[in-house]
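Novice: Kindly generate the corresponding structure for this input.
(chains A, B, C and D)
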There are 4 protein chains.
Amino acid sequence: MGFTCEVTVRLYDTDAAGFIFSGAQFRFAHESLENFLEHVGLPIAKIIRGRDVLFPVVHAEADYRAPLAVGDRLSVRVVVRALGDRSFSMGYRFFLADGREAGSVMTVHASVAAATGASCPLPEQVRTAFAPYLTTAT
Amino acid sequence: MGFTCEVTVRLYDTDAAGFIFSGAQFRFAHESLENFLEHVGLPIAKIIRGRDVLFPVVHAEADYRAPLAVGDRLSVRVVVRALGDRSFSMGYRFFLADGREAGSVMTVHASVAAATGASCPLPEQVRTAFAPYLTTAT
Amino acid sequence: MGFTCEVTVRLYDTDAAGFIFSGAQFRFAHESLENFLEHVGLPIAKIIRGRDVLFPVVHAEADYRAPLAVGDRLSVRVVVRALGDRSFSMGYRFFLADGREAGSVMTVHASVAAATGASCPLPEQVRTAFAPYLTTAT
Amino acid sequence: MGFTCEVTVRLYDTDAAGFIFSGAQFRFAHESLENFLEHVGLPIAKIIRGRDVLFPVVHAEADYRAPLAVGDRLSVRVVVRALGDRSFSMGYRFFLADGREAGSVMTVHASVAAATGASCPLPEQVRTAFAPYLTTAT
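Specialist: Here you go, the predicted structure:
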């Protein structure tokens, strides 16, 4: 089971070579993460304003399989790749309208106490909300 | 008559002061412009790929009336403020869910031949598509 | 008297039309502001971490006079355009290597108490540091 | 042997959680790549304007080891990690003033004919310029 949303390649995502700047794919992943968090009842505004536990990215990877141009609409499949004691991993796959995979992103997020910056256990609320989207399949 | 769309304040639009980085409001305006262009049948992908006439911004202004934070959903009212012989102006007003105006942007775009970079008449196709959205009211 | 620094147009500032995305000029202005603040002894890190008084942009304007492309080195002339009781204005002019003016930005910043978000008097420290750069000439 | 440059964490690199947005580290890597290309006599403006061979990122990885805040000055060590027949890999390590490693980025770039988008051999000019910076050490 997964979550699917849509992102659009905007002019500001592209560069003078005519296609997206490589960093833009992380923008798409982050926009999709915010959509996913909203979907599972954990809107990012609450996480940021709560200032209790934050989930900074500690590792990120991206693959680029097709050039993306302004106006391209991407269907994004979001899954939870791992749920650890003190971290979680997310996977994002980007598909063009014709079904081709344009690229993918994987991110690992640590669970960190906002007050101290120290590693802390993943809150049960996050574990419960994310569990249905956990999949080992790529 | 106007065109209305929605943009969401994303984490990458905010800065360490807790609210949006001022430049982000121009991102919202541009995203809204792309939505408007799609709505009037002139998708930006066609404009960019056509490489015939481009519409670079020659002047821009923004007012900021309320702090915007991650997760805020903005209703954007897009109007055409002026249709000149060789330029056009767009207006964008951003409203929070409670109806307060959070800010506004105004942009002036020149009509420029892509091949030479020289000023050129605004294409009739643009004039016709934009005319119904022309309003002198702010 | 003014302050001069240099910014470089990076690939991520450009878009698929081949020149800078209009919002990028505000990035150049902000980078120049941070350089100016450092120069006058008020590094932005201290302002943000101090969480005492913040200076959000309440109005911004930009003019674009020449297309800017990746690799262009801009000489930026930074001046203080106005020092009010509860606000200040900054001016930025961007010059290409051949002396042509590529564009300009003007920003108005309010003085705001971080704790309440309410308008507050401009701190004397800021007034003293900025005064030598105040000029009414454009 | 390596190339070292400096990047500064700007306010627009940070987000409302108080530290850099994870995508910003790729901005630092790209800025460093442009500095490196200039250093080895292959300025990116020439590559983009030449429209002969382009080097899009096909894979990217980043590790984040320390929170970065506005005003932090990073010393970036840039190395060439691999020189293939039709691709190359770059490594970037970011160090804080106290010597701690704040993070790292690795990118793989394909050699692509601009006209067709097809894979092509890495130009000899690139191989020669990059070879002195090739290192297998991390």
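Novice: CA only for contacts and neighbour counts going forward, please
Specialist: Will do.
Novice: Run a quick neighbour tally on A:Asp15.
Specialist: Neighbouring residues of A:Asp15 were enumerated by other Cα atoms under 10 Å in any protein chain shown; the total is 28.
Novice: for it, what are its contacts?
Specialist: A:Phe21, C:Leu11, C:Tyr12, C:Asp13, C:Thr14, C:Asp15, C:Ala16, C:Gly18 (Cα atoms under 8 Å, 6 or more residues apart in numbering or on different chains).
Novice: are any of those buried, and which?
Specialist: Taking 16 or more other Cα atoms under 10 Å in any protein chain shown as the criterion, what is buried in the contacts of A:Asp15 is A:Phe21, C:Leu11, C:Tyr12, C:Asp13, C:Thr14, C:Asp15, C:Ala16, C:Gly18.
Novice: ok, back up a step: any chance of TSV for the contacts of A:Asp15, columns pLDDT and secondary structure?
Specialist: Putting those into TSV (pLDDT from 0 to 100; DSSP: H, G, I helix; E, B strand; the rest coil) gives the following:
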residue	pLDDT	secondary structure
A:Phe21	89	coil
C:Leu11	92	helix
C:Tyr12	92	helix
C:Asp13	93	helix
C:Thr14	93	strand
C:Asp15	92	coil
C:Ala16	90	coil
C:Gly18	86	coil
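Novice: Determine which two of those residues are furthest apart.
Specialist: With distance counted by Cα to Cα, no two of those lie farther apart than A:Phe21 and C:Gly18, which are 12.7 Å apart.
Novice: Please state the backbone phi and psi of the nearest residue to A:Ala69 once chain neighbours are set aside?
Specialist: Using Cα to Cα, 6 or more residues apart in numbering or on different chains and skipping residues adjacent in sequence, the residue nearest A:Ala69 is A:Phe19, 4.8 Å away. Dihedral angles of A:Phe19 (phi, psi; degrees, to the nearest 10) stand at phi -120, psi -180.
Novice: Can you pull the residues of chain A lying near chain B?
Specialist: For chain A, the contact set with chain B under Cα under 8 Å from any Cα of the partner chain comprises A:Arg10, A:Tyr12, A:Arg27, A:Glu31, A:Glu34, A:Pro43, A:Ile44, A:Ala45, A:Ala69, A:Val70, A:Gly71.
Novice: How far off centre is the helix or strand of chain A with the lowest mean pLDDT?
Specialist: Least confident element among the helices and strands of chain A, by mean pLDDT, DSSP states H and E: helix A:44-50 (a mean of 91). A distance of 16 Å separates the C-alpha centroid of helix A:44-50 from that of its chain, computed with Cα atoms, centre = their mean, to the nearest Å.
Novice: Give me the contact list for that helix.
Specialist: Residues external to helix A:44-50 that are found in contact with it (Cα under 8 Å, 6+ apart): A:Glu34, A:Leu37, A:Glu38, A:Val53, A:Leu54, B:Ala69, B:Val70, B:Gly71, D:Ala16, D:Ala17.
Novice: Which of the residues you listed fall within helices?
Specialist: Among those, the members falling in helices (DSSP state H) are A:Glu34, A:Leu37, A:Glu38.
Novice: Please report the distance of the closest residue to the second one other than its chain neighbours from A:Phe88.
Specialist: In this structure, A:Leu37 finds its nearest non-sequential neighbour in A:Pro43, 5.2 Å apart by Cα to Cα, 6+ apart. Distance, A:Pro43 to A:Phe88, by Cα to Cα, to the nearest Å: 17 Å.
Novice: Helices along chain A, start to end?
Specialist: Assigned by DSSP H, the helices in chain A fall at A:24-39, A:44-50, A:124-130.
Novice: what does chain A have sitting close to chain D?
Specialist: Taking Cα under 8 Å from any Cα as the contact definition, chain A meets chain D at A:16-17, A:22-23, A:26-27, A:48, A:54, A:56-65.
Novice: and stretch A:83-92, how far apart are its ends?
Specialist: For stretch A:83-92, the first and last residues are 15 Å from each other (Cα to Cα).
Novice: I should have written stretch A:46-64 there, sorry.
Specialist: The separation between the terminal residues of stretch A:46-64, taken as Cα to Cα, is 32 Å.
Novice: count of residues packed around A:Ala102?
Specialist: 17.
Novice: scratch that, A:Pro67 is what I was asking about
Specialist: The burial count assigned to A:Pro67 is 14, neighbours taken as other Cα under 10 Å.
Novice: picking that back up, relative to C:Ala118, which of the helices of chain A is closest?
Specialist: Of these, the one closest to C:Ala118 (Cα to Cα) turns out to be helix A:44-50, at 19.5 Å.
Novice: circling back to that earlier point, higher neighbour count, A:Pro43 and A:Phe88?
Specialist: A:Phe88 (22 against 17).
Novice: circling back: with the buried ones among the contacts of A:Asp15 in mind, which one is nearest to chain B?
Specialist: For chain B, the nearest member of these is C:Ala16. The distance, counting by Cα to the nearest Cα, is 7.1 Å.
Novice: Spatially nearest residue to the closest one (excluding sequence neighbours)?
Specialist: On the basis of Cα to Cα, 6+ apart, the spatially nearest residue to C:Ala16 that is not a chain neighbour turns out to be A:Gly18, at 4.3 Å.
Novice: List the contacts of that neighbour.
Specialist: Counted by Cα under 8 Å, 6+ apart, A:Gly18 has contacts A:Ala69, C:Asp15, C:Ala16, C:Ala17, C:Gly18.
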